[in-house]
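Student: this one's structure only:
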């Protein structure tokens, strides 16, 4: 009897309690990245509005989960952090809300409308750009053979003679196919023309074949840093922010090889099917979290470039280490001497075919 | 019982010691780059050692100490301090092992009439059992030192291997106790698991008692249905539950007007209760087999109504089954990650969920710290229950001691 009373009063308290505190669920990638968002966006926003923000580290399966939620008519997410390619897919399927940059996003401090401030980075009507990140290689400085220059160009990934040791590559064709072609004598501007053809795809796979025995395939962003820290691999591709954390925050003997880094975008979408008040709150959050100062603030915690032009001059020093962040940004001129921009259109058209081919090749 | 022992021929001692040496060499060699070389060197070294100590020297205690010193020194050369410790342990073992075989002591406590094959199997069986224990326990033990890593990786750093205090830290424990995400998920687990357990124990016990009555029609079919959550692959149940509970959730939120958060808890708790019920039914049914039905009739005869009979007579007797069923239900809910990922939303994030996403997105030793804490809690829980059980047995005079 007593227990029942207790449970009922507890329930009543929960109901009452949750009616007061507003909550919103924000989905992101976890790790150091979520942490940077927590510090730069969530905490100031909670302070300003009193809304409690709950983190859900589910961005990796955002597309599948949003589809399921939509089908079940029960969308529990308010704002979702996705890569641009996923945002394009979600937008096409009607699962993400279309945003009018100029009215629904904050203008730059000097009055430049958001659509100009973000510029080309608004790759979809539903996508609110947040950061520019790159996929690039890190290598163990203590495993460079004696008398050899440290690797400085992309083709050293395929050069097992000069740089022996295992490599970590992502378990998907994107980026790997491009790098393989570049190092097989294809000019940078021709890479996607070649990759469109069957022969071109075979050529890339044949080049990857030359190092296949020495490759460890990764699927989560945390894999390569762990493998580098273990000394299990000589070099591996991963996101540049993860490498920054390994080098500067964890003091591992690792360095970045920026050559042929591939730029990609990450940003917010708001799911469709929210109740009007939740949608209004999500829009309010987006307006706050993607203004010039907030985007520049995020760069204090992680080495990803802010997506607004107007944020770049405001990027300062790391919040804890006190080091200048600008030279660690993938967009820094010294790092960006030779870069690739993720080709959304190409991969939207060819991803399924090349994926199948790549997986079949992996299984051989 | 003692069997007279006698010295054994070298043709048996040396190869056996060499095999053990090869086994040790396999691990040492693998750690140093070549397993095959390790096997060869280990076998040769240990075989030669066995031969030399037993035939040439013969002074047992001096020989044993010299093996300890030799392997300790080798271990130190290969792996500094941890190597030294492992080397000393290996030396102690081999010193003992060589003379144990050579003097024939291994037959000492066995029946004299056993054949060599039976003696061999007697010890092989123990080795196999030991190996099973090693495979069960080592993965759990490895986690514990790694959780004190001063770095943010799942790696034994050189500082840790040198036992340098700078290589160790409590920062991952601190992270667990101060990080909001971990605290929230820990609290959620502590809310969800007990309530789900309470529901599954009540429903499961009632179901088991009902199904043990002789007059219930279609007993087997009902039983099969109740147990089905245990048999259907979890991922399938979870997918089904996702759509089923979404509708219920929409109804509770939209029509009844409950808050989103509360509805989320209700969904996860109900889903976990469903998963826990089969365990309770099975354990309680098993206990009911030994329950004497005439006791309930006697109680009824003395004027007790069925409810009183249940609480005063039946429940105390089947309590062990109920408790162990409840324990299984609790662990099921506490460990469960698939269903909660589908049914729950982030506000109901439980500890396994947080560990799962943490492992995928950021390999942080905080997960290991949490795992260590959970291992300690589980051991404490099981020890307490075992002690309570012994105490109640002693009080009831059931224990032969």
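Tutor: Sure thing, it's come through. Quantities reported herein were computed from a predicted structural model and do not represent experimental measurements. Numbering: from 1, shown residues only, chains lettered A, B, ... in the order given.
Student: Residue nearest the middle of chain A, spatially speaking?
Tutor: Centroid-nearest residue in chain A: residue A:266, 5.1 Å away (criterion: Cα atoms, centre = their mean).
Student: which element is that residue on?
Tutor: strand A:254-269 (DSSP states H and E).
Student: right, is that strand up against chain B?
Tutor: No. Using Cβ under 8 Å from any Cβ of the partner chain, strand A:254-269 stays clear of chain B, coming no nearer than 11.6 Å. For the C-beta atoms, the positions are set from N, CA and C on the backbone; glycine is no exception.
Student: Would you indicate which residues of that strand are buried?
Tutor: The neighbour-count check on strand A:254-269 (16 or more other Cβ atoms under 10 Å in any protein chain shown) flags A:254-269 as buried.
Student: Repeat that for stretch B:150-161.
Tutor: For stretch B:150-161, by 16+ other Cβ under 10 Å, it's B:150, B:151, B:152, B:153, B:154, B:155, B:157, B:160.
Student: Any figure for the gap between the first one and residue B:140?
Tutor: Spelled out, it's residue B:150. 22 Å (Cβ to Cβ, to the nearest Å).
Student: how about the residues of the stretch 151-300 of chain A that lie near chain B?
Tutor: Applying Cβ under 8 Å from any Cβ, we find that the stretch 151-300 of chain A lies next to chain B at A:220, A:221, A:222, A:223, A:225, A:226, A:229, A:230, A:249, A:250.
Student: which SS state does the spatially closest residue to the fifth one that is not a sequence neighbour fall under?
Tutor: Read that as residue A:225. Distance criterion Cβ to Cβ, 6 or more residues apart in numbering or on different chains; nearest residue to residue A:225, sequence neighbours excluded, is residue A:246 at 4.7 Å. Secondary structure assignment for residue A:246 (DSSP: H, G, I helix; E, B strand; the rest coil): helix.
Student: what's the distance between residue A:309 and chain B?
Tutor: 30 Å (Cβ to the nearest Cβ, to the nearest Å).
Student: you'd agree residue B:191 is up against residue B:266?
Tutor: No. In this structure, residue B:191 is not within contact of residue B:266 by Cβ atoms under 8 Å, at 11.5 Å.
Student: show me where pLDDT drops low in the stretch 51-200 of chain B?
Tutor: Low-confidence segments of the stretch 51-200 of chain B (pLDDT under 70): B:58.
Student: per the record, what domains does the chain have?
Tutor: Since no chain was named, I'll use chain A. Per automatic domain parsing, the structural domains of chain A span A:2-132+A:265-328, A:134-264+A:336-363.
Student: Switch to chain B, please.
Tutor: Per the record, chain B has its domains at B:10-113, B:179-364, by automatic domain parsing.
Student: which one of those lies closest to chain A?
Tutor: Closest of those to chain A is domain B:179-364, at 3.2 Å (criterion: Cβ to the nearest Cβ).
Student: Any idea how far apart the tips of that closest one sit?
Tutor: Start-to-end span of domain B:179-364 (Cα to Cα, to the nearest Å) is 13 Å.
Student: Find the least confident helix or strand in chain A, judged by mean pLDDT.
Tutor: helix A:2-20 (a mean of 48; mean pLDDT, DSSP states H and E).
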